[in-house]
Structure formats: structure tokens, C-alpha cells
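Asks: predicted model, plus sequence, below.
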Amino acid sequence: MRNKAIKYISVLLLAASVTACERVIDLDLPDGDDLPYVDAWITDQPGVQTIKFMKATDYMSQNAPEVISDAQITVTDVTAGKSYPFTFKNGAYNYDAGSNSIGVIGHTYKLSITWKGEQFEAADQLKRNSIIDSLTATYEEEDGEDKAGYYVKLYAHDPVGAIDYTWIRTYRNGELNHYVGEMLSTDGTIGGDDGLTDGFAFIPPFRDGVTSGEKPYEKGDVVKILFRSLSKPSFDFMEQVQAQLTNDGLFGKVLTNVPANVRNLQSTSGTKIYGWFGTVAEISATKKIE
């Protein structure tokens, strides 16, 4: 994303030049700090739960983020009074819940990290999910910029009684479908926290948003739609992440670090951990194109 912005600035500068020669502009940028960050999402699904703790590299670097392996990480179900120690293995911290699950809808969870003699904490509440009704697939001929192929539609609705936040991910043959964006919903609509759409069906942008006209589905494709419930703080975090990922073009804003919810318990310390600790309930629906 940042490389795109730099390239765009270079194009503008070249277009404004009165010379006929190509001019290469080298930007002498200082190295940034190696910022520690967590990628920690706990689900209500059985099996292995994973937390990544790493150091972000300079954005001009081609190196992968450095893994931090010397921390002690625990997740606590505050509501039930249970703690789950995570063990470092194969580049991440893991806890195998077996046929059970750590996450329980309605429970509050706390992440505890001990690193370099300091204590860090974050908390989130695991919320209920919205409801997937069905997936349909229809073959459509080429129409303008939309290519011929199978178009999947998502039919879902919001449960009654609260404001529900949903993170929607689309998979094609087991991999994220990068031709469609990950979507965020508030009670089945876009934006708004007033509860006016409580209990209604998801609006057309979500229904149609799981298929790209640039690359519709083909016969034999397996399409999976995953709903992940979010608390309001986690929803706000994801909105800011999404805004940063799509922040380019003529009206792009200056990139900033998205706020984290991990706090250092030592108030006089300047050490920070970025990233987010969140809890999600997951439901999914799958359709094979036949």
C-alpha cells in the first residue's frame, strides 16, 4: 500500500517535470522502530487456538517480521474463572483445546503477556453471531464489466434484541477470495449504531458482495462464507484497519498506526505492544458450484 503511494507521488512529479528525461527520485527514509505487536483472535471453535507475537519490520524492508519467542502468554476466561496457558511452538503461541473450545458466547476474556520483565493486558467480550440463511448460485452472462460466470448471493439476517457487529470473510476453494473485500456489518447494514435495522435481512451490498464481477465463480468451485461476531471495540478496530488498507489514491490520508487494546500495567514504562486481542464466535455456510 505504501509502495503504491510512493509510486503515485513519483508519477505526479514526473508529469509536472518540464524535461523530457526520466528522473529517478530516491527517498532517503529513516529506519523505523521494530514495534512489537500481537495478532490474537480467540474463537468459540474447538481445537488449537493461536496467538502471534512479533516485531514489525521497516516498511521498506523485504524481511519477514521477527518472531518474539521469549514471552509468557495466558488467556483467562474471566466469567468462568479459567486460565489457558499458551505454549510457543513453530513460530506462534498455541493452546490445544481438543474437542472443546476456549470461547463461550457472553463471556469476557483477558489476555496476559509477560515480556522483558513487564506485564501487559487486554480484554474483550465474545458476542453472539448474526444468522446465515442460505447461499444461492446463478449463472449470468457477461454484462458490461461483469464477466460471465456463476454469481453467489448471501442471504442472512440480524437477530433481534441487540446491536450485532459482524466480520464477513469469503473463501474460494479453501483460500480467501481476494477479489472480494472482507466486509463489516452493523445489524446487517453499513455503519450506524442506532438499532433501526434490528432483526432485518442483510442489505444488498452484503448479499452481492461475496462475488466479484471481475472473477465470478466457475463450476466446481467451493464457496465458503464465514461470519465472525465482534464486540463494539473490536468492530471499531477492524474499521480502522480496513480504512488503512484501502487508503490510497489522490485523496489518501497520511498512514497512522491503528490503536491497540494491549496496555502496559507499568504506568511509568514507555514500552508498548501494538495489535489487537479480540474474541469471535464463528458460523459458516458452504456451497459447491454445480
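Replies: Noted; the coordinates are in hand.
Asks: ok, now which ones touch the residue nearest the centre of the chain?
Replies: Centroid-nearest residue in the chain, with CA atoms, centre = their mean: Met238, separated by 6.0 Å. Shown in contact with Met238 (CB atoms under 8 Å, 6 or more residues apart in numbering): Trp167, Leu184, Leu230. (C-beta placed from N, C-alpha, C; glycine too.)
Asks: tell me the one of those residues nearest Lys219?
Replies: Ranked by distance to Lys219 (CB to CB), the contacts of Met238 are led by Trp167 at 29.1 Å.
Asks: so where does the spatially closest residue to that closest one that is not a sequence neighbour fall, helix or strand?
Replies: Once flanking residues are discounted, Trp167 sits nearest to Arg228: 4.2 Å by CB to CB, 6 or more residues apart in numbering. Here Arg228, judged by DSSP states H and E, is contained in strand 222-230.
Asks: equivalent analysis for Ala122, please.
Replies: strand 118-125.
Asks: partner strands of that strand and their direction?
Replies: Strand 118-125 sits in its sheet next to strand 108-115 (antiparallel), strand 263-264 (antiparallel), going by DSSP bridges.
Asks: and the nearest residue to Leu126 once chain neighbours are set aside, its phi and psi?
Replies: Of all residues not flanking Leu126 in the chain, Thr279 sits nearest, at 3.9 Å (CB to CB, 6+ apart). Dihedral angles of Thr279 (phi, psi; degrees, to the nearest 10) stand at phi -130, psi 140.
Asks: show me what contacts Thr279?
Replies: Shown in contact with Thr279 (CB under 8 Å, 6+ apart): Trp41, Ile42, Thr43, Gly103, Tyr109, Asp124, Gln125, Leu126, Lys127, Ser231, Ser234.
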